[in-house]
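1. please find the sequence and the predicted model below.
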There are 2 protein chains.
Amino acid sequence: MKTVTNVRGFTFWGTHTGIKSKRRDLGLIYSKVPASTACVFTRNIVKAEPIKLMMERNWPGKSQVVAVNAGNANACTGKQGREGAEAMVKAAAEAFQISEDMVVIASTGVIGRTFPTEKVVQGIKDSVKKVTDRRVAASLFANAILTTDTFPKEEYSEFDLDGVSVRMGGVAKGSGMIHPNMGTMLGFIVSDIAISPELLDKALKEITEATFNMITVDGDTSTNDMLAVLCNGMAGNKEITDANDEGYKLFYAQLHQICENLAKLIVSDGEGSTKFIEYKVTGAKTVEEARKCVRTISNSALVKTAMFGRDPNWGRIIAAAGRSGADFDPDKTNLWLKTKKKVALLENGQPIEKNLTQVKQMMRSTHIIIILDLQAGEAEATGWGSDFSYEYVRINAEYTT
Amino acid sequence: MKTVTNVRGFTFWGTHTGIKSKRRDLGLIYSKVPASTACVFTRNIVKAEPIKLMMERNWPGKSQVVAVNAGNANACTGKQGREGAEAMVKAAAEAFQISEDMVVIASTGVIGRTFPTEKVVQGIKDSVKKVTDRRVAASLFANAILTTDTFPKEEYSEFDLDGVSVRMGGVAKGSGMIHPNMGTMLGFIVSDIAISPELLDKALKEITEATFNMITVDGDTSTNDMLAVLCNGMAGNKEITDANDEGYKLFYAQLHQICENLAKLIVSDGEGSTKFIEYKVTGAKTVEEARKCVRTISNSALVKTAMFGRDPNWGRIIAAAGRSGADFDPDKTNLWLKTKKKVALLENGQPIEKNLTQVKQMMRSTHIIIILDLQAGEAEATGWGSDFSYEYVRINAEYTT
């Protein structure tokens, strides 16, 4: 099976440093040569120390090493945490014999606990000779960055450019639904394409809006959310520097697909969730309005509980759309529910009551697509969410007691 | 990323039934049509109830559903366990509306605890409508069958035959090194190739000897070890019924590679392990002797501790070979250690002392290849093992107290 380890010039490792009692808790990515790098960070105003440190850098730029620890978020940790994050960068730079500004770090785990600097530093030192492109290293890395996730999230793809196959792989972790205040979304994507940092940054920012920012787990951003993409040029294509290049379009499509797939895997991984729901809004006046509309519907507790209860209560969807900020005429909207087939619930604002029994039956599926056509313009957006179950409530109730 | 879910006509699911407190513990595989099926079972004389039940069947044959639970091995559970295994088969047959002899079951987890029949039966009923070929189902299944594994093990590949791409994917779980008496190796491989059950059985038995039976984790078989391969013919090739067919050779090579890769992933996943070691014995009189020799060396505690200690103590390797049952003349043997380069330790029975310092340095690698040439014949064998670390001892010591 092809994984991130197939991307030329990148090596990986995941190890156990003792932050967690038993499971792996430190992951490393190393690129043989400095890689064009773009990052996006959490918009939460409470930011973890590694996020603050990374945001002080001039991005887009170059980097060569990514070091990530799980088990401790290094957030709300003050001076000790800041020094810990700096020590993490320094340890990686020394171990890999590169300059400190070539090191990207991230943390995830519990907030507000003393950062275990010594364990992380020792773990980096111990792992530096272990990074490898052997298949297993993809699994070790993907597992080492998890917190409450129930499975690791990996993607891989390739496409041909200038007669070479450009390879790309990504690993992510999700925000555990059962820990809304502690969840973190981290994503690390590597490719061997040659592309300028500036163009990579442009692609990543646009794509993040359409993928990772279109999933809803708990409606909150965490203190530690971060996504980094490293492209080391070892595929040997002519460096892409122009957004009009054919190669840019191919790269953009590939990066989009990997981000979308990782985002969907994150949504699929919620303990209390029984359904994966795709929300598509078409006919909006602008993409921004379409996205707002998708986010409001997919985050609605009323919609989510209706999904869990297999209740074709389309009024809740229209009501959520109505308060989303998107401009449309309710008397013109179309609404469909789709599983294997597509069935109308509303046509030009008129309920199709005869379909309700069939739709209720279709809602037993674990994979549902909701399509809302506002008939107000040409723009559209898609997003993904889960439902809201007894189990979610039970787990959360137990968690807080 | 392509996974088992890309294999035509197979769907999967993994769910939480409550056998484990938090993690997924029930996995299902469903084939749209009856699939040629071959199985291999543990040789341990103490067999779990699902193993006994499955061994009563006439294999090779056909099957359509695989149901696996983790968290309880259903071994040493007597009449209650037997009835539980039968109920598991019955529930899957009823849920998928197929006959009971189309159901394959397996269990893994704690030995000697009452089998949670109700949870497993309910889990099967709840999952029957959820099985899907969506990407996430591969991860859910791979995670639902784990016990002490630190990461799920998945493989996938395809090859062209009769103008169609034949797809194959596999999922395995390993035997946790830290629980030598509770570990189980399970493997489930699916393909859409059309092949007769008899020929599939022949391939599987031969390949198992060269792959899963050539890894060493703790030198023991478990009560629950099992490997099943299902081929449902949905690729549309002409059914392979002759071992001389070109298609059989291609299929054989692909199945071999997937089994070998899964076996290697199992070896890579041991909490206490710091190294992955490949042992290759060449120049043996017979394949059986070569395999015995590999197994004896890779299982030797002296060799394993030397590997951990980076001690180029080749005498232990020769000593293990000497007691393995393989016939050879020690004065003619060659021995190499290989990482990125290959360095001789012994040539025609003569130690190459000048290389020892270099070899000691090479042994810092996490991936080491040992090549022993017996110069006694033409047969060879390869196997894989891990080292024996302080951590392994510490964990085991703590486990028994």
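-> Received the coordinates, thanks.

2. list the contacts for the closest residue to A:Glu378 other than its chain neighbours?
-> Counting by C-beta to C-beta, 6 or more residues apart in numbering or on different chains, A:Glu378 lies nearest to A:Gly283, which is 7.3 Å off, once chain neighbours are set aside. Placement of C-beta: from N, CA and C, glycine included. Neighbouring residues of A:Gly283 by C-beta atoms under 8 Å, 6 or more residues apart in numbering or on different chains: A:328, A:373-380.

3. and A:Gly283, how far from A:Gln375?
-> 5 Å (C-beta to C-beta, to the nearest Å).

4. anything in contact with each of the two?
-> Common contact partners of A:Gly283 and A:Gln375 (C-beta under 8 Å, 6+ apart): A:Phe328.

5. residues from chain A in reach of chain B?
-> Counting by C-beta under 8 Å from any C-beta of the partner chain, the residues of chain A close to chain B are A:1-3, A:16, A:22-24, A:129-130, A:132, A:134-136, A:139-140, A:142-143, A:150-157, A:169, A:261, A:264-265, A:268-269, A:271, A:276, A:364-367.

6. those in helices, which ones?
-> The helices, defined by DSSP state H, take in A:135-136, A:139-140, A:142-143, A:261, A:264-265, A:268 from the residues of chain A next to chain B.

7. list the contacts of the residue of the stretch 201-350 of chain A found nearest chain B.
-> Nearest residue of the stretch 201-350 of chain A to chain B, counting by C-beta to the nearest C-beta: A:Ser268, 4.1 Å away. The contact partners of A:Ser268, by C-beta under 8 Å, 6+ apart, come to A:276, A:386, B:136, B:139-140.

8. per-residue pLDDT of A:Gly183, please?
-> Looking at A:Gly183, its pLDDT stands at 63.

9. thinking again about what came up before, quick one: buried ones out of the residues of chain A next to chain B?
-> For those, a burial check counting by 16 or more other C-beta atoms under 10 Å in any protein chain shown picks out A:1-3, A:16, A:23-24, A:130, A:132, A:134-136, A:139-140, A:142-143, A:150-157, A:169, A:261, A:264-265, A:268-269, A:271, A:276, A:365-367.

10. looking at the contacts of A:Ser268, spot the one nearest A:Ala87.
-> Proximity of the contacts of A:Ser268 to A:Ala87 (C-beta to C-beta) peaks at B:Ser139, which lies at 34.4 Å.

11. which residues does that closest one contact?
-> Here B:Ser139 is in contact with A:151-153, A:265, A:268, B:3, B:14, B:152 (criterion: C-beta under 8 Å, 6+ apart).

12. distance of it relative to A:Ala172?
-> Counting by C-beta to C-beta, the gap from B:Ser139 to A:Ala172 is 12 Å.

13. now for the two: what residues contact both?
-> Listed as contacting both B:Ser139 and A:Ala172 by C-beta under 8 Å, 6+ apart are A:153, A:265.

14. just give the nearest non-adjacent residue to A:Ala344, would you?
-> That would be A:Ile352: by C-beta to C-beta, 6+ apart, it lies 4.9 Å from A:Ala344.

15. where along the stretch 101-250 of chain A do the helices fall?
-> A:117-127, A:135-144, A:197-210, A:246-268 (DSSP state H, counting those that start in this stretch).

16. still on that earlier bit, pick out the most distant pair among the ones in helices among the residues of chain A next to chain B.
-> Distance extremes for these: the farthest pair is A:Val136 and A:Lys264 at 25.1 Å, using C-beta to C-beta.

17. name the helix or strand of chain A that has the lowest mean pLDDT.
-> Across the helices and strands of chain A, mean pLDDT, DSSP states H and E gives its lowest value to helix A:390-400, namely a mean of 60.

18. any low-confidence regions in chain A?
-> Applying pLDDT under 70 to chain A flags the ranges A:175-183, A:217-221, A:270-272, A:392, A:394-401.

19. how does it divide into domains?
-> Domain ranges of chain A: A:4-268, A:276-400, per automatic domain parsing.

20. so of those, which one's packed in deepest?
-> Mean neighbours per residue, mean count of other C-beta atoms under 10 Å in any protein chain shown, is largest over those for domain A:4-268, with a mean of 21.

21. how about A:Thr305, nearest residue that isn't a chain neighbour?
-> A:Phe388 (4.8 Å).

22. would you agree that neighbour falls within a helix?
-> No. Assignment of A:Phe388 by DSSP: H, G, I helix; E, B strand; the rest coil gives coil, placing it outside any helix.

23. so it sits right up against A:Phe308, yeah?
-> Yes. Using C-beta atoms under 8 Å as the test, A:Phe388 is close enough to A:Phe308 to be in contact (5.6 Å).

24. show me the contacts for A:Phe115.
-> Taking C-beta under 8 Å, 6+ apart as the test, what A:Phe115 contacts is A:49, A:72, A:74, A:77, A:80-81, A:84-85, A:107.

25. in which helix or strand does A:Ile98 reside?
-> Assigned by DSSP states H and E, A:Ile98 belongs to no helix or strand.

26. now it: how far from A:Ser191?
-> 20 Å.

27. where does the residue nearest to A:Gly325 when sequence neighbours are not counted land in three-state SS?
-> Nearest non-adjacent residue to A:Gly325, counting by C-beta to C-beta, 6+ apart: A:Lys292, 4.8 Å away. Here A:Lys292 is recorded as helix under three-state DSSP.

28. so A:Lys292 is in contact with A:Ser324, correct?
-> Yes. The pair A:Lys292 / A:Ser324 is scored as a contact, 4.9 Å apart, by C-beta under 8 Å.

29. I'd assumed A:His256 was in contact with A:Ile207.
-> Yes. A:Ile207 is in contact with A:His256 according to C-beta under 8 Å; the separation is 4.9 Å.

30. return the residues in contact with A:Ser196.
-> A:36, A:239-241.

31. for A:Tyr30, give me phi and psi.
-> A:Tyr30 adopts backbone torsions of phi -130, psi 130, taken as degrees, to the nearest 10.

32. any idea how far A:Asn69 is from it?
-> 16 Å.

33. now A:Met168
-> 25 Å.

34. and for A:Ile369?
-> Plainly put, A:Ile369 is 38 Å away from A:Asn69 if you go by C-beta to C-beta.

35. now A:Asp373: phi and psi?
-> The phi/psi pair for A:Asp373 (degrees, to the nearest 10) is phi -100, psi 110.

36. okay, and the beta partners of it?
-> Per DSSP bridges, the residues bridged to A:Asp373 are A:Thr282, A:Asn334.
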